[in-house]
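Asks: one predicted model, sequence on top.
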Amino acid sequence: MSDKVFLDTNIILYLCSSNEPEKQVRAKELFDLHDEIIISTQVINEFINVASRKFGFSWEKLLTTTKDLATICTVQYIDLSIIENAMLVASRFRYSYYDSLMIAAATASKATILYSEDLQHDHSVRQQLKIINPFKSSFAVA
């Protein structure tokens, strides 16, 4: 598919952990399905935090995985304009600041889909970005 898609941290965590095999398979399918996968520096930092604390990944494994992610994904850096936009998103849509920061990074990267398990499924943001929970039973990977 030619959509530019943005992945929330939870998708990356499922991809790198075998704790939930069905969700891991679905996360892998997303990488196979889309030509351009985008993550932000926020996603990388959240991944490092959770994978080290919850999954016990070593710093060496985290460094290798982070480099791999940066090779296969486009990385959207968080800058002041994205932070400002995140505050507008939080104000308008009532998402938390950190969720709004992810939405702002996704729109800055020109993504048309944001895959997340944690945000409102099927919500459109400014008619630019559609939020999709790929683990919903109504979602089918082609």
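Replies: Arrived safely.

Asks: give me the distance between Asp99 and Ala105.
Replies: According to C-beta to C-beta, to the nearest Å, Asp99 and Ala105 sit 11 Å apart. Bear in mind the C-beta positions are built from the backbone N, C-alpha and C, glycine included.

Asks: now the strands for this structure?
Replies: Using DSSP state E, the strands found in the chain span residues 4-7, 36-40, 74-76, 113-115, 123-125, 129-132.

Asks: chain center to the first one: distance?
Replies: The chain centroid and the centroid of strand 4-7 are separated by 7 Å, computed with C-alpha atoms, centre = their mean, to the nearest Å.

Asks: parallel or antiparallel, which strands does it pair with?
Replies: Here strand 4-7 has these sheet partners by DSSP bridges: strand 36-40 (parallel), strand 113-115 (parallel).

Asks: TSV for the ones you listed, including distance to Ser18 and mean pLDDT?
Replies: Converted to TSV, the strands paired with strand 4-7 look like this (distance: least, C-beta to C-beta, whole Å; pLDDT from 0 to 100):
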stretch	distance to Ser18	mean pLDDT
strand 36-40	20	96
strand 113-115	20	94
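
Asks: let me know which of these is tucked in deepest.
Replies: Stretch with highest mean neighbour count among the strands paired with strand 4-7: strand 113-115 (a mean of 23; mean count of other C-beta atoms under 10 Å).

Asks: coming back round to it: how about JSON lines for the strands of the chain, with distance to Met87 added?
Replies: Converted to JSON lines, the strands of the chain look like this (distance: least, C-beta to C-beta, whole Å):
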{"stretch": "strand 4-7", "distance to Met87": "19"}
{"stretch": "strand 36-40", "distance to Met87": "16"}
{"stretch": "strand 74-76", "distance to Met87": "17"}
{"stretch": "strand 113-115", "distance to Met87": "18"}
{"stretch": "strand 123-125", "distance to Met87": "14"}
{"stretch": "strand 129-132", "distance to Met87": "17"}
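
Asks: no further queries at this time; thank you.
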